[in-house]
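[1] Need the 3D shape of this:
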Amino acid sequence: MANIPDFFGKRFSSFSSFGKWIGGGLGWALGGPIGAILGFVFGSMFDSMQQGEYAYKGFTPTQEGDFKVSLLVMIAAIMKADGRVMRSELDYVKRFLVSRFGETESERLLQLLREILNQDLDIDEISEQIQENMEYPSRLELVHLLFGVASADGNIGPAEADVLRRICLKMGIRPKDFESLSAMFVKDVNSSYRILEITPDATNEEVKKAYRKMALKYHPDKVAHLGEDIQKTSKEKFQQLNNAYNEIKTQRGFA
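    As a prediction, the model looks like this:
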């Protein structure tokens, strides 16, 4: 994309400082369409990584770098959903990343995001690569973070909502899980029930059973292998589940 606002500061003058982070934190993301995007971004450095100790060798479990690069690519897709990247959107994304990953890590992520925004993104192929290689709990956390980015300006626009739904479809996210995560950000009178993947006519016992099921699905330990930063964001998702359950209990008056 041309004319992206000069928000992230100077372009990469050297990729050497990223070698350890990229090489040590990527497994399956070095292949497929995500690897092709990184190839454009990192150029000759990426070529040497492919030939050396960081060569892609087929399926490996999701590592922290796989997850963060996938997150950046999907953030770029959402930002480009309406055909332009606004300064206000970039401001929101920066604040979002800083709040989740801290100043140092977010600066590195922002520089990489700037380069990704300049690439053509085939969202369907990228989403399918993530589905094939990323564990389902990690995909749920990825979607949770994407909803956070899309709502960072206080509103999820139609174009952003369409891209999110398309991403989730191609990533193999179950419709009820999509609605549960959506309800954490798009509130209505039944949001608490939607988060628990039930309807308001559920019995108290069905509410309790649904909470236990969702607590297992959203437990932060499911993404502990992705590092402390991602596990911390997962705890936020888990807290929203608890808040929804407590709200229903208060409304109904049961313990």
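[2] Every contact and neighbour count from this point should use C-alpha atoms.
    OK.
[3] Enumerate the positions of the helix or strand containing Glu115 that are buried.
    Glu115 belongs to helix 87-117 when elements are defined using DSSP states H and E. For helix 87-117, the neighbour count (16 or more other CA atoms under 10 Å) marks 90, 92-94, 96-98, 101, 106-107, 109-117 as buried.
[4] Going by contacts, tell me the helices and strands next to that helix.
    On a contact count with 3 or more CA pairs under 8 Å, 6 or more residues apart in numbering; DSSP states H and E, helix 87-117 meets helix 32-42, helix 64-79, helix 136-150, helix 228-252.
[5] Out of these, which is closest to Leu181?
    Taking CA to CA, helix 136-150 is the member of the helices and strands packed on helix 87-117 nearest to Leu181, at 6.1 Å.
[6] ok now the closest one, how far from the chain's centre?
    Here helix 136-150 shows a centroid-to-chain-centroid distance of 4 Å under the convention CA atoms, centre = their mean, to the nearest Å.
[7] Just list what it packs against, helices and strands only.
    helix 64-79, helix 87-117, helix 158-171, helix 175-183, helix 228-252.
[8] Assign the closest residue to Pro137 other than its chain neighbours to helix, strand or coil.
    Leaving aside its sequence neighbours, Pro137 sits nearest to Lys222 (CA to CA, 6 or more residues apart in numbering; 6.1 Å). Of the three states, Lys222 takes helix under DSSP: H, G, I helix; E, B strand; the rest coil.
[9] Please work out the angle formed by the directions of the helix holding Glu115 and helix 32-42.
    Computed by axes from the mean of the first three to the mean of the last three CA atoms, to 10 degrees, the angle separating helix 87-117 from helix 32-42 equals 100 degrees.
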